[in-house]
Each structure stands twice: as structure tokens, then as C-alpha cells.
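J.: Got a predicted model here, sequence first, then my questions.
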Amino acid sequence: MQTAYIVKGYRTAVGKAPKGVFRFKRPDELAAETIAHLVAQIPDLDKKRIDDVIVGNAMPEAEQGLNIARLISLMGLETDDVPGVTVNRYCASGLETIAMASAKINAGMADCIIAGGVESMSYIPMGGYKPTPDYKVAAAGKEDYYWGMGLTAEEVAKKYEVTREEQDQFSFESHQKALRALQEDYFKDEIVPIHISNTYVDENGKKQSNSYTVDRDEGPRADTSLEKLSSLRPVFAAKGSVTAGNSSQMSDGAAFVMIMSESMVKEFKLDPIARLVSYGTAGLAPKIMGMGPIYAIPKALKRADIKLNLIALIELNEAFASQSLAVIKELDIDPQKVNPNGGAIALGHPLGCTGAKLSVQLFNEMRRQKHQNQYGLVTMCVGTGQGAAGVFEFIS
């Protein structure tokens with residue numbers, strides 16, 4: 001068995017959906033430009049030696065359909081020789097691709113794979129264009145199979161006794177941490193600048209054109225305050241506690257890593273960034289899908305043969321403040337290790353991209369904090385009742 005190493009990783013900034021900075025940028029174009037930048041960092045690499053492009057996407061239809069991974073490979077690598085496959089584990093899709101690529105290389109089935117994810121919630125709305133529940137299943141008492149994510153967040157808040165005040169405080173802190181990270185340029189080295197140039201017809205029927213470069217996350221708000229957060233009405237239940245302010249943002253973004261075998265790393269004289277030590281997924285009742293990490297994390301830790309206290313940093317996807325707080329409480333996680341630069345409530349959650357995005361952020365932050373040869377964790381809940389967690393060893 002050979003060891004798979006992550007040697008490069010980049011992400012785009014995250015734009016708000018559906019009316020943010022990437023609203024005119026097709027997801028295949030966004031991802032193609034990201035992998036083009038990724039590959040350009042190893043100029044001696046013949047693109048034909050890339051064995052596969054594995055792309056996570058939660059809503060693979062319309063502009064994200066037609067096996068978007070293959071289109072991204074064709075557009076981004078500008079060669080016919082590299083195949084592509086699209087993977088969907090909903091919110092964990094981007095992390096799933098890193099696990100798949102690492103496993104293939106570990107098994108000797110590949111030497112070089114690009115893995116990551118892309119999502120445009122501006123182009124493809126949450127749930128897709130035609131969500132079609134099986135009403136026979138719902139009528140049989142399984143309606144939670146099709147619950148909206150906000151209802152599951154309310155269920156978690158009730159079951160695990162997470163108060164509205166706690167959720168708003170957590171959300172405020174997410175914005176504050178993200179704003180500090182932006183001010184200090186913590187994300188600068190991991191973000192691929194994306195140039196936007198478009199022509200459109202405005203609401204008055206006039207033709208307009210503009211161009212700009214996106215290199216900064218759009219979500220964090222300097223005007224966020226506890227007072228404003230506490231004034232927001234619940235959006236999923238009349239007497240609930242989950243609001244737009246303590247939920248993750250709808251977003252657009254792309255993120256990718258390059259993974260190589262040990263022999264190829266040596267051939268190109270590269271310094272590996274990290275390796276995936278273990279990966280765990282779990283299922284649970286769909287109505288409390290937000291608690292997926294409390295089942296996935298122990299699986300991943302057991303496979304890595306390490307204890308939770310050995311994890312230096314954790315990127316926990318903030319789908320909702322209620323589930324994030326409940327996960328932290330149930331596993332007795334040190335909050336100081338979680339999302340040091342904010343999470344999805346402030347920075348956004350581009351579904352199929354998120355797992356890869358959080359991984360890139362984890363590597364960058366572990367480098368900044370000098371956690372060499374230490375472990376980091378990426379984890380998230382997954383719609384319809386799943387959880388995923390990946391343990392990484394940060395190397396350089």
C-alpha cells in the first residue's frame with residue numbers, strides 16, 4: 001500500500017446566493033478556473049498524468065448536471081485525457097471526494113487525483129428545481145425523510161435544549177471571528193481570485209455590463225450585533241428559535257485539492273501538506289440530521305486510533321447554530337478548537353463544496369498556528385440524516 005498525500009489546495013472566495021458576487025458565474029466555469037490555478041502551481045506536471053477529477057456536488061442538475069466533473073476536467077485542464085466523476089453525499093460531498101481519492105491512491109489504483117467540490121446555489125436552488133417526495137412514504141409516518149433542514153434544526157434545539165440566546169451568541173461570534181480573519185488576511189494564500197465579466201439587462205430593460213475580481217468572502221457582516229440577531233423572527237416554526245441569522249448562508253463556491261502517491265511526491269520533489277488518516281460516515285434519524293457528527297467523529301477517531309483531545313483544530317460545519325452547539329456539548333469538544341476563523345453562519349455553506357473548502361481552511365490555519373505533525377478534523381451533518389468526519393495529519 002502506498003501513502004496518499006495532499007500536496008496543494010485552493011478555494012474560491014464564497015459568494016452569497018442567489019444575488020451575490022458569483023450570480024453570473026456558472027459553476028462549471030468557477031470550478032474549472034479553480035483547478036486550472038491548482039495545476040498551475042506544479043508547472044512540471046504533465047496534465048495527462050492526472051488519473052481523475054472527482055467533484056462533489058449536492059444538486060447535480062441543470063448547469064450542475066451532465067456529470068459536471070467531466071466538464072470541469074475538460075474546461076480546466078484543456079485536455080481530453082483526464083476523466084471526471086461527480087459524487088453526491090449532499091453537504092459532505094466535498095469531503096467524500098478527498099476520502100475516495102485518498103483511498104484509490106492508497107490502494108494503488110491511481111497516483112494523482114484532483115478532488116473537491118463546487119456548488120452554485122444561485123443557479124440551482126436548495127432542493128433542486130423539482131423536489132418530488134414520495135407521498136406514500138410520508139403518509140406511512142416517515143415524513144421526516146423529506147423535512148426541510150430548518151425543521152430538523154428546530155428539532156435539535158428542542159431535543160438538546162439549545163436556547164435562542166445561545167444560538168444567537170454563537171452566530172455573533174462566528175461573524176466576529178470571520179471578520180477578524182478577513183481583516184488579518186488569514187485566507188489570502190488559499191483563495192483563487194476569480195475575474196467576473198458579464199453583460200445583463202437590468203430591471204428597466206437596459207443593457208448593462210460590469211467586471212470585477214472576487215478574492216474575498218462575501219458573507220461576514222460587520223454590522224451584525226446581538227441586538228439585531230435577537231430581533232429576527234423564527235423562519236421555520238412559529239414559536240421556534242432558528243432564524244436566518246443563526247443558520248448557514250446559501251452560497252456559491254468551489255474548492256479543490258491535489259492528492260498524489262508518495263512516489264509521485266518524491267518524483268516532483270514536493271512538500272506534502274497533509275494526509276487523510278481516517279474517514280467516518282454515519283446514519284441517524286433524518287429529523288435530527290444535525291447531530292450526524294456525534295456518530296461520525298467517534299468512527300473516524302477509532303479508525304485513526306487517536307483520542308479527541310489529540311485533535312488540534314476542528315472545522316465543524318455550522319449548518320445551524322443549534323446543531324453546532326449540541327454537537328460541541330454532546331462530545332465535550334473544547335470550543336476554542338472549533339472554527340477559529342468563523343464558520344458557515346458567517347462565511348457561507350456552498351453545499352457540495354463545503355467539505356473541500358473546510359479542508360483547505362484547516363490546512364491553512366494549522367500552518368498559521370504551526371501545528372506541524374498534529375491532527376485536525378473536518379466534520380459536518382448531512383441532510384436526510386447522516387454525518388461525516390475526516391481526520392487529517394498536517395505535515396508541513
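T.: Structure's in. What do you need?

J.: what helix or strand is the residue nearest the centre of the chain on?
T.: Against the mean C-alpha coordinate of the chain, by CA atoms, centre = their mean, the closest residue is Thr354 at 0.7 Å. Assigned by DSSP states H and E, Thr354 falls within helix 354-368.

J.: which secondary structure element contains Lys370?
T.: For Lys370, there is no enclosing helix or strand under DSSP H and E.

J.: coming back round to it: distance of the residue nearest to the centre of the chain from Ser197?
T.: Using CB to CB, to the nearest Å, we find Thr354 at a distance of 27 Å from Ser197. The C-beta positions use only the backbone N, C-alpha and C, and glycine is treated the same way.

J.: before we move on, what about Pro18?
T.: Counting by CB to CB, the gap from Pro18 to Ser197 is 20 Å.

J.: the more surrounded of the two?
T.: Neighbours were counted for Pro18 and for Ser197 using other CB atoms under 10 Å; Pro18 has more, 16 against 11.

J.: before we move on, the earlier item: could you pull up the residues touching the residue nearest to the centre of the chain?
T.: Contacts for Thr354 were tallied using CB atoms under 8 Å, 6 or more residues apart in numbering; they are Cys91, Gly94, Leu95, Gly117, Glu119, Asn317, Ala344, Met380.

J.: mind listing the strands for the stretch 201-350 of the chain?
T.: 207-214, 251-261, 274-283, 311-316 (DSSP state E, counting those that start in this stretch).

J.: so which of these gets nearest Met75?
T.: strand 251-261 (12.2 Å; CB to CB).

J.: Tell me which strands that closest one pairs with, and in which orientation.
T.: Strand pairing for strand 251-261, using DSSP bridges, gives strand 4-11 (antiparallel), strand 15-16 (antiparallel), strand 112-120 (antiparallel).

J.: contact partners of the following helix or strand past the longest one?
T.: Pointing back at strand 112-120 there. Counting by DSSP H and E, the next helix or strand C-terminal to strand 112-120 is helix 135-137. The contact list for helix 135-137 (CB under 8 Å, 6+ apart) reads Tyr145, Tyr146.

J.: Low-confidence stretches in this structure?
T.: Along the chain, the model assigns pLDDT under 70 to no residue.

J.: which helix in it runs the most residues?
T.: When the chain is scanned for its longest helix (criterion: DSSP state H), the result is helix 164-183.

J.: Tabulate the strands of the stretch 201-350 of the chain (TSV), appending mean neighbour count and distance to Lys302.
T.: Shown next, in TSV, are these (neighbours: other CB atoms under 10 Å; distance: least, CB to CB, whole Å):
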stretch	mean neighbour count	distance to Lys302
strand 207-214	11	40
strand 251-261	30	23
strand 274-283	21	8
strand 311-316	24	13
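
J.: Tell me which of those strands sits nearest to Met126.
T.: Once these are compared by CB to CB, strand 251-261 is nearest, at 10.7 Å.

J.: can you state the direction angle for the closest one and strand 274-283?
T.: Orientation of strand 251-261 against strand 274-283 (axes from the mean of the first three to the mean of the last three CA atoms, to 10 degrees) gives an angle of 120 degrees.

J.: which non-adjacent residue is nearest Asn210?
T.: Using CB to CB, 6 or more residues apart in numbering and skipping the chain neighbours, the partner closest in space to Asn210 is Asn198 (6.7 Å).

J.: what do you get for Lys104?
T.: Of all residues not flanking Lys104 in the chain, Ala110 sits nearest, at 4.5 Å (CB to CB, 6+ apart).

J.: ok so, going back, what's around the residue nearest to Asn210, how many residues?
T.: Around Asn198 there are 12 other residues, counting by other CB under 10 Å.

J.: Tell me which residues touch Glu165, please.
T.: Residues near Glu165 by CB under 8 Å, 6+ apart: Ser230.
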